[in-house]
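Trainee: based on what follows, work out the 3D shape:
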Amino acid sequence: MALKIACFATLLAVARCSVIPAAVAPAAVAAPLAAAPLVAARLSEDTYDINPQYTFGYDVQDAITGDNKAQIESRSGDFVRGQYSLNDPDGTRRIVDYTADPINGFQAVVRKAPLAVAAPIVAKTVAAPLVAPASPLFAKAIAAPLIARPAAAYTVL
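Mentor: Numbering: from 1, shown residues only. As a prediction, this is how the structure comes out:
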């Protein structure tokens, strides 16, 4: 029962402390005497280029990851023309030529070309050194074996 009374007293204390009477509440911050003039945000009109033109291209040849691809594209007004290529896992190079215009839409022509076969690696030949290594001053002596040949055949008595 004492635990219930202690819990109720704690709850009552928390509820009583969370309300701040008006006499103790902090005073409201006064507004500044002179307000800054309001500046209307000027809405800028987006400019629309009637004849957009650009050209870009890139080429990636990464021997470590095997990522080999390229792309070029150019645009003049509503007409876009470009090409991209990449290496497929089947050992061919996929080349895509594409065009886009308001009359025909997007059109692409895909073709495949075999990858260039890498030249075989030729082993380097190294010329023999001109100077022979020096012989040691003292030769190591190796003892001859004690038995040079097998013993005579055993005879049965």
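Trainee: list phi and psi for residue 47.
Mentor: When read as degrees, to the nearest 10, the backbone of residue 47 gives phi -80, psi 140.
Trainee: sorry, that was for residue 3
Mentor: Dihedral angles for residue 3 - degrees, to the nearest 10 - are phi -70, psi -40.
Trainee: and for residue 13?
Mentor: Per-residue torsions, residue 13: phi -70, psi -40 (degrees, to the nearest 10).
Trainee: confidence score at it?
Mentor: With respect to pLDDT, residue 13 has a value of 76.
Trainee: what about residue 81, neighbour count?
Mentor: 15 (other C-beta atoms under 10 Å). Just so you know, the C-beta spots here come from the backbone N, C-alpha and C atoms, and that holds for glycine as well.
Trainee: what about residue 90, distance to residue 57?
Mentor: 26 Å (C-beta to C-beta, to the nearest Å).
Trainee: give me the more crowded residue out of the two.
Mentor: Of the pair residue 90 and residue 57, residue 57 is the one with more neighbours under other C-beta under 10 Å, namely 12 against 8.
Trainee: how near is that one to residue 4?
Mentor: Taken as C-beta to C-beta, the span from residue 57 to residue 4 is 80 Å.
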